[in-house]
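Undergrad: Build me a model:
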Amino acid sequence: MRELGLIHHEDGRHRCPWCGVSPEYVAYHDQEWGVPEYDSRALFEKLMLDGFQAGLSWITILRKRDAFRARFNGFEPEKLVRWRDKQIEGALGDAGIVRHRGKIEATIGNAQGYLEITRTEGDFSKFLWSFVKGKPIVHSRETMADIPTESAEAQALSKALRQYGFRFVGPTIVYAFMQAVGMVNDHLSGCDFHRG
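TA: Alright, predicted model coming up:
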C-alpha cells in the first residue's frame, strides 16, 4: 500500500499518511476529518480554528482545541460579538491558545459576519454547503501529491465569506476547512476511512 501513500497501522487499518501514528491525530483522522458536519456552530468553530492554524501545523491546534473552546465562549458567535478589549487582552495572555492579535480580532469580526449570514441567508450551514450543492464532493486520489491546496469551490466560498467581512479565510484555508468538515472527501482512495 506504500505506493498509494498510505500508512499501514498496527491495528491493520490503512490511513492517510498525514495523521502519522500520534493517537490523538489518528483519532481525529478516523472520527472527524472528512465526516460531513452540518451544525452551524461546529462549522464556525472549525473555520475559526483553521484560521488560527495558518502558518502552523494542525496537530498544534488540535492539542489546544479545548483551551480555544474555553477561551472563546464555545465559539458561540452571539457571545463573541460582545468581546471588548478586556476579553482580547485575556486571550492574548492565555498560553493555552495561539496568541495572535490579528487572528483573535478576526474571530470577533468573523462572528459578526456569521450573524450577518444568518440574517441574510437564513442558516450558516446551508450557506456553506450550497458551495458544494449540499453534498460532499468525493474524490478518489491515490497519493498526497494528488490533493490540491484549493479548488474553484474553495475560491468561491472564500470570496463570499470575505464579502461578509470574514478574515483568515483565503482559498487554501477554506479548502482545508472543506476537507475537514466533509464538504470534500479527500481521504486517499485506499484509506479505510475514505467512506466513498
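
Undergrad: drop to CA atoms for contacts and neighbour counts, all remaining ones
TA: OK.

Undergrad: How about the contacts made by residue 111?
TA: For residue 111, the contacting residues are 76, 77, 78, 80, 81, by C-alpha atoms under 8 Å, 6 or more residues apart in numbering.

Undergrad: Please list only the buried members of these.
TA: 76, 77, 80, 81 (16 or more other C-alpha atoms under 10 Å).

Undergrad: could you dump the helix or strand containing residue 102 to CSV, C-alpha only?
TA: Element membership for residue 102 (DSSP states H and E) is helix 101-121. Listed in CSV are the C-alpha atoms of helix 101-121, where the atom choice follows Å, rounded to 0.1, in the frame of the first residue of the first chain:
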residue,chain,number,x,y,z
ARG,A,101,-3.8,39.6,18.0
GLY,A,102,-4.9,39.6,14.3
LYS,A,103,-6.4,36.2,14.5
ILE,A,104,-8.2,36.9,17.8
GLU,A,105,-9.6,40.1,16.4
ALA,A,106,-10.6,38.4,13.2
THR,A,107,-12.5,35.8,15.2
ILE,A,108,-14.6,38.6,16.7
GLY,A,109,-15.2,40.2,13.3
ASN,A,110,-16.0,36.8,11.8
ALA,A,111,-18.6,36.2,14.5
GLN,A,112,-20.3,39.4,13.3
GLY,A,113,-20.1,38.0,9.7
TYR,A,114,-21.7,34.7,10.9
LEU,A,115,-24.6,36.6,12.3
GLU,A,116,-25.0,38.7,9.2
ILE,A,117,-25.0,35.5,7.1
THR,A,118,-27.7,34.1,9.4
ARG,A,119,-29.8,37.2,9.0
THR,A,120,-29.5,37.4,5.2
GLU,A,121,-29.1,33.7,4.1
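
Undergrad: quick one: buried residues of it?
TA: 103-118.

Undergrad: worst-scoring helix or strand of the protein, pLDDT-wise?
TA: Here the helix or strand of the chain ranked lowest by mean pLDDT, DSSP states H and E is strand 7-8, holding a mean of 84.

Undergrad: Partner strands of that strand and their direction?
TA: strand 14-15 (antiparallel) (DSSP bridges).

Undergrad: For whichever helix or strand comes after the strand it pairs with, list every residue counted as buried.
TA: Once strand 14-15 ends, the next helix or strand along the chain (criterion: DSSP H and E) is helix 23-31. For helix 23-31, burial by neighbour count (16+ other C-alpha under 10 Å) applies to 25, 26, 28, 29, 30.

Undergrad: List the contacts of helix 23-31.
TA: 19, 20, 59, 193.
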